[in-house]
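> What follows is a predicted protein model with its sequence.
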Amino acid sequence: MRKRVYKKHLEMAERFFVSKEYEKALFHYSLARAEDQSSQDVRVGILLCDMAYEMESEAHSLFDYYVIAKKESAENAAELLEKIIFSIDGALSATAEILMPAIKDRVDYENAISYEDFQNIVKERGEFRRAFEDIMFSTRVIISEKKDFISFLDSLVTNGFNDMALNYLESASSIFPSNKKIRDLFDKLNQKESLEAKTPKKL
C-alpha cells in the first residue's frame with residue numbers, strides 16, 4: 001500500500017515539475033518522501049525544483065538526463081546528478097562572491113558588508129540608487145546567495161547603473177550562458193538603453 005501511494009505522489013511530482021509548477025511538485029515530493037525516506041528520486045526531484053527557481057533550463061535538462069539514465073539503468077545516476085547540481089549551485093554562489101567585491105578592488109575587506117546589511121541601508125535611504133551611491137566607493141557588498149546576486153543585478157539595471165550591470169552580466173553569462181534570468185536581465189538592459197537613446201536629453 002505504501003509503495004503504491006509513494007509511486008502515485010512521485011508521478012504527480014514529476015508531472016508538475018515538467019509543467020513548471022514547482023510548488024505543487026515540491027508538495028507531492030514531500031508526500032512521497034513521507035512514504036519512503038530513502039528515495040533517491042525524491043531527493044533528486046527536490047533539488048531540481050529548488051534549482052529550477054533560479055536556473056530553470058538547466059534544471060529541466062538535468063531532469064531529462066536523469067529520466068534517460070534511469071531507463072538505461074545507469075549505475076549511480078542519482079549520486080552523479082546530485083554532484084552536478086551541487087557543483088553548479090556552488091559555482092554560482094562562488095561567482096557572486098567573486099564578482100560583487102569588484103566594486104572597488106582597492107577597498108579593504110574590513111569594509112565589506114553583507115547583502116542583508118546593504119538592503120537595510122536601502123531601507124534607511126529610501127531608495128536603491130541613493131544607498132548604492134553612498135557606499136559604492138568605500139564599501140564592498142558581499143553576496144553569497146544566487147537569488148540575491150540576480151536581485152542586485154536587477155536593481156543596477158533598474159536604477160541606471162548600466163555599465164556596471166553590463167560588466168557583471170557579461171561575466172556571469174560567460175560562465176552560465178543558459179541561465180534564463182541572466183538572459184532576461186540582458187534583454188531588460190538592452191530595452192532600457194534603447195529607450196534612453198530615443199529620449200531627447202534635456203538641455
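Perfect, I can see it now.

> So if we follow the domain assignment, how does this protein break up?
Domain assignment for the chain by automatic domain parsing gives 2-88, 95-198.

> At which residues are the helices of this protein located?
For the chain, the helices defined by DSSP state H cover 2-18, 22-35, 40-52, 56-71, 77-99, 115-125, 128-135, 146-158, 162-175, 180-198.

> rank the ones you listed by mean pLDDT and give me the bottom one.
Among the helices of the chain, helix 77-99 carries the lowest mean pLDDT, at a mean of 58.

> Model confidence for the residue nearest to the spatial centre of the chain, exactly?
Geometric centre of the chain, nearest residue: Glu54, 3.3 Å, by CA atoms, centre = their mean. pLDDT, Glu54: 76.

> so it makes contact with Lys181?
Yes: using CB atoms under 8 Å, Glu54 is in contact with Lys181, at 6.6 Å. Where C-beta positions appear, they are placed from N, C-alpha and C, glycine not excepted.

> hey, what's in contact with both of these two?
Each of Ile150 lies in contact with both Glu54 and Lys181 under the rule CB atoms under 8 Å, 6 or more residues apart in numbering.

> sorry, back to before: save the helices of the chain as JSON lines, and put in mean neighbour count too.
Below are the helices of the chain laid out as JSON lines (neighbours: other CB atoms under 10 Å):
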{"stretch": "helix 2-18", "mean neighbour count": "16"}
{"stretch": "helix 22-35", "mean neighbour count": "18"}
{"stretch": "helix 40-52", "mean neighbour count": "20"}
{"stretch": "helix 56-71", "mean neighbour count": "16"}
{"stretch": "helix 77-99", "mean neighbour count": "16"}
{"stretch": "helix 115-125", "mean neighbour count": "15"}
{"stretch": "helix 128-135", "mean neighbour count": "17"}
{"stretch": "helix 146-158", "mean neighbour count": "20"}
{"stretch": "helix 162-175", "mean neighbour count": "16"}
{"stretch": "helix 180-198", "mean neighbour count": "14"}
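
> can you tell me how far Arg129 sits from Asn159?
Counting by CB to CB, to the nearest Å, the gap from Arg129 to Asn159 is 4 Å.

> can you tell me how far the residue lying closest to Ala112 once chain neighbours are set aside sits from Val44?
Of all residues not flanking Ala112 in the chain, Arg140 sits nearest, at 4.0 Å (CB to CB, 6 or more residues apart in numbering). Arg140 is 36 Å from Val44, where distance means CB to CB.

> next one: Tyr65
From Tyr65 to Val44 the distance is 11 Å (CB to CB).

> Same question for Thr139.
Per CB to CB, Thr139 is found 40 Å from Val44.
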